[in-house]
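A.B. asks: pasting the structure only:
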């Protein structure tokens, strides 16, 4: 196959042509600063208002509850740090999980150095938190629960509505990192009792450098970036109007195509899983088999190194990853795979493939065949595999 097969959509997605087209006028034609009073700036203001309305409709919330950021990482940082600071008088205890994105984990670790206490919930072998353990972890001084909507590595979708009910029952704020879920799974923020939600444009065929934070009305969160009155005095800095316009178009398309896109991705996902599992022994699927993102596949191959697999797949024109794009340069095994109970030697042999609706069954056949060839080749060079085979032949 003489083309690139891109299967790393959890890391980033291709910006749709319609999104680029929606952005272009705000670079050269309607370039006025939205904070200016003259009429020329009105087009920029309207673009921002329109996108706010589009996102609000997608979440079933109010437009004035949407605040634009530079991406999901900033939104996570803002939600957690600002909530911790705003409700510090009530308590300094936060609950999260061991499989969160590092934007959440590192922020919680930062707060621990500032005197806050954080409970990191365990997950089961499928990556699901225990609702019973969550409720047990809540203390009188607990102010925030932050649990991701869907995991970026293994694709497991958490029981968000049930988590929201528990948080509301105990009067605790609930934030969810929905970077992987927004635009891919229907989300009703009020129904799920979500107080804050983070999302990013480039995970749903929008531009990089733009995201948003939903903040429910009534929360007394302070500013994260200081220096101006933008975003109703909560996020200073001249707005990224082209990015916001592109985000609006990407969200519109994502919402309108969600059902059909998810159906096609799930069909291809399951087809690929079945082919690989049938042809490559000593392989497991990481994450919940059903309760997972429609486009996520995460394999663990025994007796190989994931880095070698990725390099050889790249040589075959296949783009994948071994986990989060934010930690792809690390030699340590994924914290997510360790949290679901995989030993180091198996966690090192992981492969994450995240599809999109443009992928084909022909591509999945090619990918499955290449995985089989490469894993066999790597195992034949592995002394561990050789010892294993010898022991099992006795």
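C.D. replies: Yep, it's here. The model shown is predicted, which means the values in this text are computed figures rather than measured ones.
A.B. asks: next up, the contacts around residue 196.
C.D. replies: Neighbour list for residue 196: 79, 83, 173, 174, 175, 176, 213, 214, 215, 216, 219, 221 [criterion: CB atoms under 8 Å, 6 or more residues apart in numbering]. All C-beta spots, glycine's among them, are computed from the backbone N, C-alpha and C.
A.B. asks: got it, and residue 149?
C.D. replies: Counting by CB under 8 Å, 6+ apart, residue 149 has contacts 157, 158, 160, 176, 177, 178, 180, 181, 182, 185, 187, 197.
A.B. asks: is there a quick PyMOL command that grabs whichever of those residues are buried?
C.D. replies: The PyMOL command for the buried members of the contacts of residue 149 (criterion: 16 or more other CB atoms under 10 Å) is given here:
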select buried, resi 157+158+160+176+177+178+180+181+182+185+187+197
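A.B. asks: tell me the one of the contacts of residue 149 nearest residue 263?
C.D. replies: Nearest to residue 263, judged by CB to CB, of the contacts of residue 149 is residue 185 at 13.0 Å.
A.B. asks: partners of the closest one in the sheet?
C.D. replies: Beta-bridge pairing of residue 185 under DSSP bridges involves residue 182.
A.B. asks: next one, pLDDT for it please.
C.D. replies: Looking at residue 185, its pLDDT reads 97.
A.B. asks: just the residues contacting the least confident helix or strand in the chain by mean pLDDT, thanks.
C.D. replies: Using mean pLDDT, DSSP states H and E, helix 383-393 stands out as the lowest-scoring helix or strand of the chain, at a mean of 76. With CB under 8 Å, 6+ apart as the test, helix 383-393 has contacts from 302, 303, 345, 379.
A.B. asks: show me the helices in the stretch 151-300 of the chain, by range?
C.D. replies: 160-169, 230-233, 241-279 (DSSP state H, counting those that start in this stretch).
A.B. asks: any idea which of those helices has the lowest pLDDT on average?
C.D. replies: Among those, helix 230-233 carries the lowest mean pLDDT, a mean of 91.
A.B. asks: which strands or helices does it pack on?
C.D. replies: strand 66-69 (3 or more CB pairs under 8 Å, 6 or more residues apart in numbering; DSSP states H and E).
A.B. asks: for the strand it packs on, packing partners?
C.D. replies: Strand 66-69 sits against helix 42-59, strand 211-215, helix 230-233, with contacts defined as 3+ CB pairs under 8 Å, 6+ apart.
A.B. asks: continuing past it, what's the next helix or strand?
C.D. replies: helix 72-86 (DSSP states H and E).
A.B. asks: tell me what that next one is packed against?
C.D. replies: Counting contacts by 3+ CB pairs under 8 Å, 6+ apart, helix 72-86 packs against helix 102-113, strand 142-146, strand 173-177, strand 196-200, strand 211-215.
A.B. asks: wait, doesn't residue 180 sit right on residue 154?
C.D. replies: No - at 10.6 Å, residue 180 does not count as touching residue 154 under the criterion of CB atoms under 8 Å.
A.B. asks: and residue 301, how many neighbours does it have?
C.D. replies: Around residue 301 sit 24 other residues, with neighbours defined as other CB atoms under 10 Å.
A.B. asks: with residue 3 instead?
C.D. replies: Burial measure for residue 3: 7 neighbouring residues, criterion other CB under 10 Å.
A.B. asks: how far away is the closest residue to it other than its chain neighbours from residue 363?
C.D. replies: Setting aside the residues directly before and after it, residue 3 is nearest to residue 317 in space (CB to CB, 6 or more residues apart in numbering), at 6.5 Å. The gap separating residue 317 from residue 363 is 10 Å, by CB to CB, to the nearest Å.
A.B. asks: helix/strand/coil for residue 32?
C.D. replies: The three-state assignment at residue 32 reads coil, by DSSP: H, G, I helix; E, B strand; the rest coil.
A.B. asks: please apply the same query to the one 5 residues further on.
C.D. replies: Using three-state DSSP, the structure places residue 37 in coil.
A.B. asks: what do you get for residue 95?
C.D. replies: Criterion first, three-state DSSP; result for residue 95: strand.
A.B. asks: that one: neighbour count?
C.D. replies: Using other CB under 10 Å, residue 95 has 26 other residues around it.
A.B. asks: which ones are touching it?
C.D. replies: Neighbouring residues of residue 95 by CB under 8 Å, 6+ apart: 118, 119, 121, 134, 137, 138, 142, 144, 145, 146, 147, 172.
A.B. asks: find me the pLDDT at the third one, would you?
C.D. replies: Read that as residue 121. Looking at residue 121, its pLDDT stands at 98.
A.B. asks: pLDDT at the residue lying closest to it once chain neighbours are set aside, what is it?
C.D. replies: Leaving aside its chain neighbours, residue 121 sits nearest to residue 97 (4.6 Å; criterion: CB to CB, 6+ apart). pLDDT recorded at residue 97 is 98.
A.B. asks: wait, residue 97 sits on residue 147?
C.D. replies: Yes - in terms of CB under 8 Å, residue 97 counts as a neighbour of residue 147; the distance is 5.6 Å.
A.B. asks: for residue 366, grab the count of nearby residues.
C.D. replies: By other CB under 10 Å, neighbour count at residue 366 equals 16.
A.B. asks: and it, helix, strand or coil?
C.D. replies: At residue 366, secondary structure determined by three-state DSSP is helix.
A.B. asks: rewinding a little: what sits against the residue nearest to residue 3?
C.D. replies: By CB under 8 Å, 6+ apart, the contact set of residue 317 is 1, 2, 3, 4, 5.
A.B. asks: for residue 276, see how far away it is.
C.D. replies: For residue 317, the distance to residue 276 (CB to CB) stands at 17 Å.
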